[in-house]
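With the input below, show me the fold.
(one chain, ligands or ions: 1)
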Amino acid sequence: MSMENFNIGYHCTGKQCELGRGGKVAMRWIGTDFERRDYTFDDLNRTTNQFANALAGLGVRRGEVLFTFLPKSPEQFVAFLGSLKAECITGTLFSNFGEDALIDRIGASEACLLVTRKSLYRKIEKVRDRLPALRMVILTDIQEDLSTDVLSWSRLMAGASPDFAVPVTDPETPSVLHYTSGSTGKPKGVLHRHRSLVKQTQTARDILGLRDDDIYWCTADQGWVTGTSYGIIGPWSLGITQVHFGGGYDARNWMELIEREKVSVWYTAPTALRMLLREEASLYGEFNLKELRHICSVGEPLNPEVITWGREVLGKDIFDTWFQTETGAIMISNRPGLAIRPGSMGIPYGDVKAGVIADDGTELGVGAQGNLCLRSGWESMFITYLKNESAYQSKFRNGWYMTGDMAWRDEDGYYWFLGRSDDVINTSGHLVSPFEVESALLELPEVAESGVIAAPDELLFEKVVAFVQLHAGFEYTPELELKMRIHVANRLSSVATPQEIFQVEALPKNKSGKIMRRVLKARYLGEEMGDISTLEERQ
Ligand code: PRX
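Below you'll find the predicted structure:
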């Protein structure tokens, strides 16, 4: 057996120090007020060691699950890597999540510990009696412990040693847990292993094109897989300096940040790029972006107009990349040295083998539209859906992993995205489950039935559209509509909040009583419905 250490926490910190990068800036933290703070690899190594020691002191054992529930912040990175050093399973919860979203993740995974801050802890307090496995909460912004199980980050860290012997971690050891939404049922916990590091490092080098002297900025929130695979693991395992910005979208601030920090590689998303495209082109002339060498995009289809805009206004190519929470790392992409075909996601990376498969399982040839599949066995492949092995098994057919996307391949092996094969909504790169939104709406006493679909949107790629049928005696008013929106935001997240809500007299259902989202969608789009009997069967 190889004695090589696959520990992600070690590769991102201690190993970089051993390679002589201890004094190099690992993270330039830029707060919402634009105040900067630098953390060297040595700082990152010591603080993550302290966190690993603090976990041991609290009795948290290897294999136990813990989460951060924080906006982008330095403590989030430290907790993530520190818990991986201790061989815990670690997840990052999007700070906008509401009560149901939290219960479906913290509760379902039986997480024992959560790192959050005072303002967000209020949401947890409301549901804590439904999280019996949650033994401790650490708050990053209190000086003294609030109680025996609500603890102060700074007190814990001050009492923890900066020396920690990272175990020699086997590549199959579970590592990161991200929940992802499907079109039915509760969100599924996508479990990764330390071996994912191999693909994350390779792709950060070959696709993001990272070199030792780069300054890299990944705009994704750490609550999603891009934010961990490419906002933490890939770049730091290569010893790259990352800029992390705590503020939100603002075209001028973003350009200023790229200019001032001399960002050379930038990983962002189509919705953000489309927002930038809507700004006056003259804005970009005000900034010196000459250090910016490489721009990549992920999460939604990158429209050719954005690529043209990038060339004309920024004077740069924008490289589309494709992956999923389940794949852990980029699988299909454009990359340096490969001609971009605007509108195509690019070609499979390295030993990744992709295919287009018909519904009956046969592999299709050039030009044919079908299910985008991957041959299982890539290093960053997820190991299971936590506590839901049957859902994991159902994703595989004849040695192929079914991605749930539809695509076609051209004669040169470039893949072209067509859409999802299920009802999952992709709104500005975030997957939203229509089922979860429908369930949240049904919790309201006024709502008798609800159906939720994805509708095309110029900015967000897709938007969440809800159809509701009210119980007799209730009136559809603007106040009720607002109540529905706030309810979904509180239960799930602002990302899942319907952009449009329509009242209907009845919802189309199939014989077994299931709501036919396809019919709703066709109605919304004003399309002919065609043969409803086959639609019924497909539901
Ligand atoms: O439908 C595809 C879309 O996002 C899905 C994966 O979402 P998630 O698991 O949340 O991971 C997001 C971070 C990669 C895919 O199944 N998607 C992702 N990248 C692209 C894309 N759709 C079109 N083009 C892309 N480049």
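
Residue numbers of the stretch 1-150 of the chain in contact with the ligand?
On the criterion Cβ under 6 Å from any ligand atom, the ligand has no neighbours in the stretch 1-150 of the chain. Bear in mind the C-beta positions are built from the backbone N, C-alpha and C, glycine included.

Any idea which residue of the stretch 1-150 of the chain lies closest to the ligand?
The ligand sits closest to residue 94 of the stretch 1-150 of the chain, with a gap of 11.0 Å, by Cβ to the nearest ligand atom.

ditto for the chain
Closest point on the chain to the ligand, by Cβ to the nearest ligand atom, is residue 325, at 3.4 Å.

May I have the secondary structure class of that residue?
Recorded secondary structure, residue 325: coil (DSSP: H, G, I helix; E, B strand; the rest coil).

pretty sure it contacts residue 176?
No. Applying Cβ atoms under 8 Å, one finds residue 325 not in contact with residue 176, separated by 9.8 Å.

With neighbour numbers in mind, choose between those two.
Counted by other Cβ atoms under 10 Å, residue 325 and residue 176 do not tie: residue 176 has more neighbours, with 26 against 21.

Show me the beta-bridge partners of the more buried one.
residue 90 (DSSP bridges).

Residue 192 versus that one, what's the distance?
Between residue 176 and residue 192 the distance is 4 Å, computed by Cβ to Cβ, to the nearest Å.

Then residue 140?
Residue 140 is 25 Å from residue 192, where distance means Cβ to Cβ.

Is residue 81 in a helix, a strand, or coil?
helix.

Model confidence for it, exactly?
Looking at residue 81, its pLDDT stands at 98.

Hmm, residue 232 and it touching each other?
Yes. Residue 81 lies in contact with residue 232 (Cβ under 8 Å); the separation is 7.0 Å.

Just to check, residue 410 is in contact with residue 365?
No. The criterion here is Cβ under 8 Å, and residue 410 misses it with residue 365 at 11.0 Å.

who's more crowded, the two?
A count of neighbours by other Cβ under 10 Å puts residue 410 above the other of residue 410 and residue 365, at 13 against 10.

show me what contacts that one?
Listed by Cβ atoms under 8 Å, 6 or more residues apart in numbering, the contact set of residue 410 reads 341, 344, 366-367, 416.

and residue 28, how many residues sit next to it?
18.

contact partners of stretch 100-112?
Outside of stretch 100-112, the residues within contact range by Cβ under 8 Å, 6+ apart are 60, 64-67, 69, 89, 91, 93-94, 97, 114, 123-124, 127, 130-131, 133-136, 177, 179, 186-187, 189, 386-387, 436, 439-440, 491-493.

ugh, wrong one, stretch 275-282
So stretch 275-282 is in contact with 249, 251, 254, 305-306, 309, 312-313, 459, going by Cβ under 8 Å, 6+ apart.

Could you pick out the buried ones from these?
Buried by 16 or more other Cβ atoms under 10 Å: 251, 254, 306, 309, 313, out of the contacts of stretch 275-282.

In helices, which of those appear?
Of those, the ones assigned to helices by DSSP state H are 251, 254, 306, 309.

How about the last one, nearest residue that isn't a chain neighbour?
Which is residue 309. The shortest distance from residue 309 to any residue other than its chain neighbours is 4.7 Å, reached at residue 277 (Cβ to Cβ, 6 or more residues apart in numbering).

Please apply the same query to the second one.
Distances taken as Cβ to Cβ, 6+ apart place residue 276 nearest to residue 254, at 7.5 Å, with adjacent residues excluded.

so which strand or helix has the one you found?
helix 270-278 (DSSP states H and E).

What average pLDDT does that helix get?
Averaging pLDDT along helix 270-278 yields 97.

Whether that helix contacts the ligand - can you check?
No. Helix 270-278 lies out of reach of the ligand by Cβ under 6 Å from any ligand atom, never closer than 7.8 Å.

chain center to the next helix or strand after that helix: distance?
Using DSSP H and E, the helix or strand that follows helix 270-278 in sequence is helix 282-285. Chain-centre distance of helix 282-285: 31 Å, with Cα atoms, centre = their mean, to the nearest Å.

Report the buried residues of helix 282-285.
Those would be residue 284, for helix 282-285 by 16+ other Cβ under 10 Å.

Give me the next element, helix or strand, following that helix.
The element immediately downstream of helix 282-285 (helix or strand, assigned by DSSP H and E) is strand 294-298.

now that next one: how far from the chain's centre is it?
Computed by Cα atoms, centre = their mean, the chain-centroid distance of strand 294-298 equals 16 Å.

Who does residue 218 form a beta bridge with?
Following DSSP bridges, residue 218 is listed with bridge partners residue 267.

Just the buried residues of the contacts of stretch 100-112.
For the contacts of stretch 100-112, a neighbour count by 16+ other Cβ under 10 Å gives the buried set as 60, 64-67, 69, 89, 91, 93-94, 97, 114, 123-124, 127, 131, 134-136, 177, 179, 186-187, 189, 386, 436, 439-440, 491-493.

what do residue 176 and residue 192 both touch?
Common neighbours of residue 176 and residue 192 (criterion: Cβ under 8 Å, 6+ apart): residue 328.

List the contacts of residue 354.
331-332, 348, 372-375, 409, 415.

For residue 439, what is the enclosing helix or strand?
Going by DSSP H and E, residue 439 is part of helix 434-442.

Any figure for the gap between the residue nearest the centre of the chain and residue 126?
By Cα atoms, centre = their mean, the chain has its centre lying nearest to residue 224, at 2.1 Å. For residue 224, the distance to residue 126 equals 24 Å [Cβ to Cβ].

Repeat that for residue 446.
From residue 446 to residue 126 the distance is 22 Å (Cβ to Cβ).
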